[in-house]
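Asker: coords please:
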Amino acid sequence: MELTSATIKTRPAKPRRHVGGCLCGAVRFEAIGPAGAPHTCSCRMCQRHTGALTAAWVEFPSESVTWTGTGGMPSVFRSSEFSSRAFCPGCGSTIGAIDDKPVIALLLGVFDKPGARELMPTYHSFRGGRPKWWHVEVASE
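Answerer: Got it, this is the predicted structure:
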């Protein structure tokens, strides 16, 4: 039998699965699909939210994120007219932001595999918010 494209069955690609959670492990998540808008940010809100000069983020549609840990959903603080900052009520770990869009933005540090290529930031927001001595590199596509 000759193999042709009609006789070869291919499986659809599995959607990407990203998992992670807080420091104590009570708030865990599973995010399915491609990570959107991978970027770093140096705005004052991100600096205060994370305690770092720059935060690294990716976004997922809300319906693509499932809270899987024993702690359920993270606690939130309404930080602006369009977003709430998410954190673990037990250990206080910063998780990300739950936007009204509806989008869930997750900080790269909470992923079990934060070095995954598809999570790599491609641009930097609020570059002017960083101290002049702080240099952030992002990949260019």
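Asker: Look up how far Gly51 lies from His39.
Answerer: Applying CB to CB, to the nearest Å, the value for His39 to Gly51 is 19 Å. C-betas here are computed from N, CA, C, even on glycine.
Asker: which stretches of this protein form helices?
Answerer: For the chain, the helices defined by DSSP state H cover 44-50.
Asker: Tell me which residue lies nearest the centroid of it.
Answerer: Most central in the chain under CA atoms, centre = their mean is Leu106, positioned 2.7 Å from the mean C-alpha point.
Asker: show me the contacts for it.
Answerer: Under the criterion of CB atoms under 8 Å, 6 or more residues apart in numbering, the neighbours of Leu106 are 20, 29, 31, 57-60, 65, 95-96.
Asker: show me the residues around the spatially closest residue to Met45 that is not a sequence neighbour that make contact.
Answerer: Sequence neighbours aside, Ser79 is the residue nearest to Met45 in space, at 6.2 Å (criterion: CB to CB, 6 or more residues apart in numbering). Counting by CB under 8 Å, 6+ apart, Ser79 touches 45, 49, 85, 97.
Asker: Who has more neighbours out of His39 and Gly51?
Answerer: His39 (17 against 8; other CB atoms under 10 Å).
Asker: what are the ranges of the strands in this structure?
Answerer: 17-21, 28-32, 36-41, 55-61, 65-67, 75-78, 83-87, 94-99, 103-107, 123-125 (DSSP state E).
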